[in-house]
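Q: make a model of this:
(one chain, ligands or ions: 1)
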Amino acid sequence: MESRVVLNTSFNTGQIDPRIFSGFLEHLGRSIYEGVYDPESELSNEDGIRTDVAEAMTGMNMPYVRYPGGNFVSNYDWRDGVGSDRQPFPDFAWKTTDPNTFGTDEFMKWCKLVGTEPMMAVNLGTLGPAEAAALVEYCNLDTDTRWAQARRDNGSTEPHAVKMWCLGNEMDGPWQAGHMPAEQYALKARNAARLMRGLDPSIELIAAGSSGRQMDTYLEWDRTVLETCWDDIEFISAHRYSSNATNNTPEFLAEGVVIDSILDDYAGLIAYVKGMKQSDHNVYVSFDEWNVWYKARGGVTQDGKWGTSPALLEEVYNLEDALVCAQYMNSFIRRSDVVKVACLAQLVNVIAAVLTRPDRSLKQSIYYPFALYSKNATGISLTPVVSGPTYNVGERGEVNFIDASVSFDEKNGDISLFLVNRSVDQDSRVTIDLSDRKVTSGGSVQVMTGDDPKLANSWDQPENVVPSIGVSHLSDGVLTIEVPKLGMAVVTGVCTEEQ
Ligand code: AHR
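A: Purely as a prediction, here's the structure:
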């Protein structure tokens, strides 16, 4: 199969924000306890932090990690998770007993070790603007006031300087602690935003948008929130979890079409509100929960039965899941004008890139595309025009077998290409037609593929789905890349010069 990707550096959607390669950690199942933090494990440091897990996280090159939830945050009192008096509490969201031994200060230490920045979510379910502002005071202020002083007393002389803050989580969802109508949430979020920014004007704020396209109030909720909070926020959140519950691989592999249309939805809505307000201010999308999640979902997989670290949402990821994750990132890169933040949900044990046992950790298939993209998608996003064979995917329409995104580093002229082949049975040769520059070197190619879409890494076979070296050809300035069926290729270091 032959496809062509036409590019011109004048046709681009601007700078790719590195924050689209952020992650998400929630107090849920074995994510924190037995995941990132396990004082019992021989692999942990003196603070109880799992160093093998931290190292794997560093390899994901995430600028930000969202914390502590998720549904958890909407019934969490951060004050119970700092200082010396830590009492266990029953978490309404996941029916789990949280020992409260890992809290804000432990998370800040973890971020430093991993080389990432904290993105804190505040509880706008059972708590409100005052407690949210107190957390900003605790984290960011250097004043002689109660919570800033408490932070110093707890061992952090310097402020944590948390830049990014989420105003609650999925407050449109009836499952959420403190769920409320859009109008009520919007006012609460605006009050919280003003109090929080009043204490630290340098912070950036994310309002909770719809929890997904499946909601009856999808976009209507977001419109209300945007209209009320417009001048007080920088971002509105979007969430999606993809599913192949019908076991239809070709359809599942066309998931990128839906992700694109969600981004179109938000682009249109944001433009509408901005236009109606005749505003110079901009609001962007923070896609702060995205992943595949359907195998370990519902029923017992979500009921903690009041244990401290029950195995919840322990999804096993396979090859087709990794190819869908790559498409999420392709969509985010292509719409770099709309999406400035995105968080893989989640990182450890819970719908996770990395699984742990007391003595070992395992990288799942989805780990690899994330690490490849986050390290290489830098610069501006070129708009790829893909032509080639398509296939029919019912309501998703005629879909190109090749899904592509492209980054261009204006400083050195290097290009990186991110290509997914959705075909389950045909390899593809993709020709790159860069119309305004000359390719001088083909760079290097890494591919990830396999014969079976369900192929997954396991404790016994940890390298079933990992990247390997791929093939490109450069002849007379024309670059072609072999993208295997059921596979992806990441091409980096493609050197170009002006024609
Ligand atoms: O990531 C798991 C859960 O999915 C989060 O807690 C919630 O925000 C979403 O519904």
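Q: mind listing the helices for this protein?
A: Along the chain, counting by DSSP state H, helices occupy 51-58, 104-114, 129-140, 146-153, 182-199, 220-229, 249-252, 255-277, 319-334, 367-376.
Q: just the CA coordinates of the first one, formatted as PDB?
A: So the one you mean is helix 51-58. Taking Å, rounded to 0.1, in the frame of the first residue of the first chain, the C-alpha atoms of helix 51-58 are listed here in PDB:
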ATOM      1  CA  THR A  51      12.900   4.500  42.500                       C
ATOM      2  CA  ASP A  52      12.300   2.000  39.600                       C
ATOM      3  CA  VAL A  53       8.900   3.600  39.000                       C
ATOM      4  CA  ALA A  54      10.300   7.100  39.300                       C
ATOM      5  CA  GLU A  55      13.000   6.200  36.700                       C
ATOM      6  CA  ALA A  56      10.300   4.900  34.300                       C
ATOM      7  CA  MET A  57       8.300   8.100  34.800                       C
ATOM      8  CA  THR A  58      11.400  10.200  34.100                       C
END
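Q: which parts of it are buried?
A: In terms of neighbour count (16 or more other CB atoms under 10 Å), helix 51-58 has its buried residues at 53-54, 56-57. For every residue, glycine as well, the C-beta is placed using N, CA and C.
Q: which among the residues you listed gets closest to the ligand?
A: The ligand has its nearest neighbour among those in residue 57, at 16.9 Å by CB to the nearest ligand atom.
Q: quick one: contacts for that closest one?
A: Shown in contact with residue 57 (CB atoms under 8 Å, 6 or more residues apart in numbering): 23, 36, 65, 114, 116, 347-348, 354.
Q: ok and the residue in the stretch 101-250 of the chain nearest the ligand?
A: Residue nearest to the ligand within the stretch 101-250 of the chain: residue 170 (4.6 Å; CB to the nearest ligand atom).
Q: that older thread, pick the most buried one from the helices of the chain.
A: helix 319-334 (a mean of 26; mean count of other CB atoms under 10 Å).
Q: list the helices and strands that one packs on?
A: With contacts taken as 3 or more CB pairs under 8 Å, 6 or more residues apart in numbering; DSSP states H and E, helix 319-334 sits against helix 249-252, helix 255-277, strand 284-292, strand 339-345, helix 367-376, strand 402-408, strand 415-421, strand 487-498.
Q: not counting sequence-adjacent ones, nearest residue to the one residue in the chain that gets nearest to the ligand?
A: Taking CB to the nearest ligand atom, the ligand has its nearest neighbour within the chain at residue 70, 3.0 Å off. Leaving aside its chain neighbours, residue 70 sits nearest to residue 26 (3.5 Å; criterion: CB to CB, 6 or more residues apart in numbering).
Q: for the one you found, give me its contacts.
A: By CB under 8 Å, 6+ apart, residue 26 lies in contact with 32, 67-73, 345-346, 350.
Q: show me which of the residues you listed is closest to residue 482.
A: residue 345 (32.2 Å; CB to CB).
Q: give me the neighbour count for that closest one.
A: Residue 345 sits with 24 neighbouring residues when counted by other CB atoms under 10 Å.
Q: pLDDT at it, what is it?
A: Confidence at residue 345, expressed as pLDDT, is 98.
Q: related to what we said a few turns ago, so which of the contacts of residue 26 are in strands?
A: 67, 345 (DSSP state E).
Q: okay if I get the contacts of residue 26 as CSV plus distance to residue 406?
A: Output for the contacts of residue 26, formatted as CSV (distance: CB to CB, whole Å):
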residue, distance to residue 406
32, 37
67, 32
68, 36
69, 35
70, 33
71, 36
72, 37
73, 36
345, 26
346, 28
350, 32
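Q: drop anything exposed from the contacts of residue 26.
A: The buried subset of those (16+ other CB under 10 Å) comprises 32, 67-73, 345-346, 350.
Q: what stretches of this structure score poorly on pLDDT?
A: Within the chain, no stretch has pLDDT under 70.
Q: get me the contact residues on it for the ligand.
A: Residues of the chain that fall close to the ligand, judged by CB under 6 Å from any ligand atom: 26, 69-71, 169-170, 211, 289, 345-346.
Q: and which of these is nearest residue 109?
A: For these, the residue nearest residue 109 by CB to CB is residue 26; the value is 17.9 Å.
Q: re earlier: of the buried residues of helix 51-58, which pair is most distant in space?
A: Greatest spatial distance among these (CB to CB): 54 and 56, at 7.4 Å.
Q: related to what we said a few turns ago, can you tell me which residues contact the residue of the chain closest to the ligand?
A: 24, 26-28, 93, 121, 169, 289, 345.
Q: so the residue most central in space within the chain bridges to which residues?
A: Central residue check for the chain by CA atoms, centre = their mean: the C-alpha nearest the mean position is that of residue 343, 1.7 Å away. For residue 343, the beta-bridge partners under DSSP bridges are residue 22.
Q: could you do residue 285 as well?
A: For residue 285, the beta-bridge partners are residue 236, residue 339 (DSSP bridges).
Q: for it, give me its contacts.
A: Applying CB under 8 Å, 6+ apart to residue 285 gives the contacts 209, 235-238, 263, 266, 270, 338-341.
Q: want to throw the residues you listed into JSON lines with distance to residue 156?
A: As requested, the contacts of residue 285 are exported to JSON lines (distance: CB to CB, whole Å):
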{"residue": "209", "distance to residue 156": "32"}
{"residue": "235", "distance to residue 156": "27"}
{"residue": "236", "distance to residue 156": "31"}
{"residue": "237", "distance to residue 156": "28"}
{"residue": "238", "distance to residue 156": "33"}
{"residue": "263", "distance to residue 156": "38"}
{"residue": "266", "distance to residue 156": "36"}
{"residue": "270", "distance to residue 156": "37"}
{"residue": "338", "distance to residue 156": "36"}
{"residue": "339", "distance to residue 156": "32"}
{"residue": "340", "distance to residue 156": "28"}
{"residue": "341", "distance to residue 156": "25"}
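Q: of these, which is the most crowded?
A: For those, neighbours tallied by other CB under 10 Å; top is residue 237, 29 neighbours.
Q: does that residue touch residue 206 like I think?
A: Yes. Between residue 237 and residue 206 a contact is recorded at 5.5 Å, counting by CB atoms under 8 Å.
Q: overlap in contacts, those two.
A: Common contact partners of residue 237 and residue 206 (CB under 8 Å, 6+ apart): 166, 286, 288.
Q: among those, who's most crowded?
A: The most crowded member of the shared contacts of residue 237 and residue 206, judged by other CB under 10 Å, is residue 286 (32 neighbours).
Q: let me see the contact set for that one.
A: Applying CB under 8 Å, 6+ apart, the residues contacting residue 286 are 166, 206, 235-238, 339-343.
Q: and the furthest pair within these?
A: So, these by CB to CB: farthest apart are 166 and 339, at 15.5 Å.
Q: report the contact partners of the closest residue to residue 445 other than its chain neighbours.
A: Nearest in space to residue 445, with sequence neighbours left out and distances taken as CB to CB, 6+ apart, is residue 470 at 3.5 Å. Applying CB under 8 Å, 6+ apart to residue 470 gives the contacts 445-447, 481-484, 489, 491.
Q: could you rerun that using 6 Å?
A: Residue 470 makes contacts with 445, 447, 489, as judged by CB atoms under 6 Å, 6 or more residues apart in numbering.
Q: which one of those has the most neighbours?
A: In terms of neighbour count, residue 489 stands highest of the contacts of residue 470 at 28 neighbours, by other CB under 10 Å.
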